[in-house]
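[1] Provided below for reference: sequence and predicted model.
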Amino acid sequence: MQSSYAQTIACQCGHKSTTYGTEAKLTVYLAPILKNGTLQRYLQRSFIDRVEYRCDSCGTTKERPKIRRFLSTGDVVCVHISRVGPDYKKITANANIPLLLDLSKLVEEGNTESQVYELRSVVKHSGSANSGHYVACTVDPESRSGGWQFFNDSSDVRKHGDEKFALGTAMGSPFLCFFQRVRKE
Ligand SMILES: [Zn+2]
């Protein structure tokens with residue numbers, strides 16, 4: 001499930017500094033809120049940061065963009081939607097989560113693997129930023145029409161018709177989204 005990435009800061013002198021890392025989940029911050037923001041756009045924004053950087057080559061210190069790109073992606077990608085606002089209050093805004101997520105713009109050139117992912121399950125959180133309750137929604141493996149199931153503790157398992165419940169705000173806001181790679185034919 002791990003993805004590996006490179007983070008690069010480029011100086012005007014031509015020098016580039018790259019660091020590498022791995023990640024089990026991708027964190028998307030809903031603060032600040034993007035007008036009509038989609039999960040895809042929030043994710044793209046989280047791959048660009050601005051940092052104070054001192055160049056090892058020419059010694060110049062300046063604020064520069066730090067750009068992250070995947071080197072490899074896992075077959076399952078977990079997107080964690082951080083809903084904590086600057087005031088430490090929970091953000092309940094809709095993150096406009098798609099059923100198909102395309103990571104191809106976030107992947108280093110030359111990677112030929114499919115970067116299209118299908119939503120398979122969602123964990124929702126209700127309550128405040130520091131307490132609350134979780135429920136899970138998953139695609140029903142026995143449904144041929146892509147039906148969804150809903151789990152609320154061990155006592156309450158229900159079948160729902162479609163993904164609208166998983167992605168809506170009934171019983172909480174989507175908090176963890178699990179996407180599975182769609183293999184190329
Ligand atoms: Zn430089």
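    That came through fine.

[2] Residue 165 sits in which helix or strand?
    With elements taken from DSSP states H and E, the one containing residue 165 is helix 164-167.

[3] Just after that helix, pick out the following helix or strand.
    Following the chain from helix 164-167 toward its C-terminal end, the next helix or strand by DSSP H and E is strand 173-181.

[4] which strands and helices sit next to that next one?
    When contacts are defined as 3 or more C-beta pairs under 8 Å, 6 or more residues apart in numbering; DSSP states H and E, strand 173-181 packs onto strand 76-82, strand 116-128. Where you see a C-beta, it was placed from the backbone N, CA and C, and this is true even at glycine.

[5] Out of those strands, the one nearest residue 106 is which?
    Using C-beta to C-beta as the measure, strand 76-82 is the one of those that comes nearest residue 106, at 10.5 Å.

[6] which residues are contacting that closest one?
    Where contact means C-beta atoms under 8 Å, 6 or more residues apart in numbering, the residues beyond strand 76-82 that reach it are 1, 3, 24-31, 39, 42-43, 95, 101, 103, 117, 120, 173-181.

[7] Mark which of the residues you listed are buried, thanks.
    Those of these that meet the buried threshold are 3, 25-26, 28-30, 39, 42-43, 95, 101, 103, 117, 120, 173-179, 181, by 16 or more other C-beta atoms under 10 Å.

[8] ok now the helix-or-strand element of the chain with minimal mean pLDDT, how far from the chain's centre?
    Ranked by mean pLDDT, DSSP states H and E, the helix or strand of the chain with the weakest confidence is strand 156-160, at a mean of 76. Mean C-alpha position of strand 156-160 versus that of the full chain (C-alpha atoms, centre = their mean, to the nearest Å) differs by 26 Å.

[9] For stretch 82-95, buried residues please.
    83, 85, 90-91, 93, 95.

[10] Make a markdown table out of those residues and add secondary structure, distance to residue 169 and pLDDT.
    Compiled in a markdown table, the buried residues of stretch 82-95 are given as follows (DSSP: H, G, I helix; E, B strand; the rest coil; distance: C-beta to C-beta, whole Å; pLDDT from 0 to 100):
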| residue | secondary structure | distance to residue 169 | pLDDT |
| --- | --- | --- | --- |
| 83 | coil | 12 | 92 |
| 85 | coil | 16 | 89 |
| 90 | strand | 12 | 92 |
| 91 | coil | 12 | 91 |
| 93 | coil | 10 | 87 |
| 95 | coil | 10 | 90 |
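
[11] Perfect, that will be all.
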